[in-house]
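Chemist: A structural model of the following input is requested.
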Amino acid sequence: MTKKVKDFMNEVIAKNPGEKEFHQAVLEVVESVMPYLEKNPKYLKAKILERIVEPERVIMFRVPWMDDAGEVQVNRGYRIEMNSAIGPYKGGLRLHPTVYLGILKFLAFEQVFKNSLTTLPMGGGKGGSNFDPKGKSDNEVMRFCQSFMTELSRHIGPDTDIPAGDIGVGGREIGYMFGQYKKLRNEFTGVLTGKGLNWGGSLIRSEATGYGCVYFVEEMLKTKGDSLKGKVCTVSGSGNVAQYTVEKVNQLGGKVVTLSDSGGYIYDSHGVDEKKLAFVMDLKNVKRGRIKEYAKKYNCKYFENKKPWEVECDVAFPSATQNEINESDAKKLVKGGCIAVGEGANMPTTPEGIEVFQKAKILYGPGKAANAGGVAVSGLEMSQNSERLSWTSEEVDSKLHNIMIAIHEICVKYGKEGKHVNYVKGANIGGFVKVADAMLDQGLV
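Modeler: Numbers count the residues shown, from 1 in each chain. Alright, predicted model coming up:
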């Protein structure tokens, strides 16, 4: 770490105490872009870095709601409107007990660069609550969502801030929130993305993050004259991103042998085929069950309280949550023959893990590039809403594929180091330059 980076980080940590995920996200970007800034001092003079790490607006509010027993419950709601230099704020809402200011600031900060990379006109934001939808009835979730949106509706709009789903926020939650927004504002607008197909949603939205991540990995492999065909893949998680990662890997001729949840992981040497994936989708999306039920159903191994990174593979897709691959996990993957990693989750690899991947010179696609497919299709949903049109699955998938190819090209442009591509550097600088230039154009805002 250079003195300039260290001094900058000391200031960030002092201003944002205890927000370790935010510190981690900022450090990764600053380490990549500082050498670029020194060659382009106009950004240093305008204090772009100092401005870009400071949210334009932080909204925090209480969310009172009543459970089925008639007891009043109180949660905390947030919306971080991070940067609007290139478009209205765009980013998901997360409902999970671990949600606090630091996690949402890290996610909003990442979102700024991710949205920039998509080539679409979207700023960055993130929000959510420490409410846990697990174990709650539909009516309890509805009452929470209505209370949450009653306050959030004051701060969002189709040309201001367009939230989407994230962990804990799927079609059910988006539906309840959209209904409350419509009632409060008396208008039907594209204020949320991830909507139902029959009321303004986009085809391929559910599939987008998983599909996009696989497309990105395929582009990385192409630089080595390779492809996913015949590759053994490990996937963590078993939610939306993991499910559609499996589907697209299967379509491209690869084989996924693991899935996981917070309880542990399954290892199926025969691969999670189309029929088995349908079981997982029903188990997780409808029954909201645990992945160990897959092991019982298909008579395969289940490893309790363990992560799938000890399994030998060609390609790894971390698709669960932040910091799920540490230094030890990364070493296991490299030792097990892994040649490529595509991050379906946000910041799933610790800095020490990233260092292992980069030292081994394997193809490593960081989340802000590899998992940008979800927000890209959210942007396409916004376009369809503005035009009052609905595109076909083929149209949306084709546009998604082209966006992921464009993101890969940006990463190569800014990340090429001899014959090797540093995708972390490429994604960070590529995402930064577009936002920074817009901020320079717009003056001190």
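
Chemist: give me the phi and psi for Ala316.
Modeler: Dihedral angles of Ala316 (phi, psi; degrees, to the nearest 10) stand at phi -120, psi 140.

Chemist: what count of nearby residues applies to it?
Modeler: 32 (other CB atoms under 10 Å). Using the backbone N, CA and C atoms, a C-beta is placed for each residue, glycine as well.

Chemist: mind listing what it touches?
Modeler: With contact set as CB atoms under 8 Å, 6 or more residues apart in numbering, Ala316 has these partners: Cys233, Thr234, Val235, Trp309, Ile325, Leu333, Cys338, Ala340, Val341, Gly342.

Chemist: what residues sit buried inside the top strand by length along the chain?
Modeler: Counting by DSSP state E, the longest strand found in the chain is strand 72-83. By neighbour count on 16 or more other CB atoms under 10 Å, the buried set for strand 72-83 is Gln73, Asn75, Gly77, Tyr78, Arg79, Ile80, Glu81, Met82, Asn83.

Chemist: check which helix or strand the residue of the chain most remote from its centre maps to.
Modeler: If you look at how far each residue of the chain sits from its centre, by CA atoms, centre = their mean, the farthest one is Gly70, at 35.6 Å. Counting by DSSP states H and E, there is no helix or strand that carries Gly70.

Chemist: strands along the stretch 301-445 of the chain, start to end?
Modeler: Per DSSP state E, counting those that start in this stretch, the stretch 301-445 of the chain carries strands over the ranges 301-304, 315-317, 340-342, 363-365, 416-417, 420-421.

Chemist: mind putting those into a markdown table with distance to Glu28 and mean pLDDT?
Modeler: As requested, the strands of the stretch 301-445 of the chain are arranged in a markdown table below (distance: least, CB to CB, whole Å; pLDDT from 0 to 100):
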| stretch | distance to Glu28 | mean pLDDT |
| --- | --- | --- |
| strand 301-304 | 30 | 98 |
| strand 315-317 | 19 | 98 |
| strand 340-342 | 15 | 98 |
| strand 363-365 | 12 | 98 |
| strand 416-417 | 17 | 96 |
| strand 420-421 | 17 | 96 |
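
Chemist: export those to JSON lines and tack on distance to Val396?
Modeler: Putting these into JSON lines (distance: least, CB to CB, whole Å) gives the following:
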{"stretch": "strand 301-304", "distance to Val396": "36"}
{"stretch": "strand 315-317", "distance to Val396": "22"}
{"stretch": "strand 340-342", "distance to Val396": "20"}
{"stretch": "strand 363-365", "distance to Val396": "22"}
{"stretch": "strand 416-417", "distance to Val396": "31"}
{"stretch": "strand 420-421", "distance to Val396": "28"}
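
Chemist: which one, of the ones you listed, ends up nearest to Ser269?
Modeler: Nearest to Ser269, of all the strands of the stretch 301-445 of the chain, is strand 301-304, at 8.6 Å by CB to CB.

Chemist: can you tell me the closest non-neighbouring residue to Asp397?
Modeler: Computed as CB to CB, 6 or more residues apart in numbering, the closest residue to Asp397 that is not its neighbour in sequence is Ile204, at 5.2 Å.

Chemist: now the helices: where do they sit in the stretch 251-400 of the chain?
Modeler: 274-281, 292-298, 327-335, 351-359, 367-370, 373-387, 393-415 (DSSP state H, counting those that start in this stretch).

Chemist: now the stretch 101-250 of the chain
Modeler: Taking DSSP H, counting those that start in this stretch to define them, one finds helices in the stretch 101-250 of the chain at 101-117, 138-152, 171-185, 208-222, 240-251.

Chemist: tell me the mean pLDDT over the helix or strand encompassing Ala14?
Modeler: When secondary structure is defined by DSSP H and E, Ala14 falls within helix 3-15. What helix 3-15 shows for mean pLDDT is 97.

Chemist: go on, stretch 378-387?
Modeler: pLDDT averaged over stretch 378-387 gives 95.

Chemist: is it true that Leu400 touches Gly210?
Modeler: No - contact between Leu400 and Gly210 fails when scored by CB atoms under 8 Å: they sit 10.9 Å apart.
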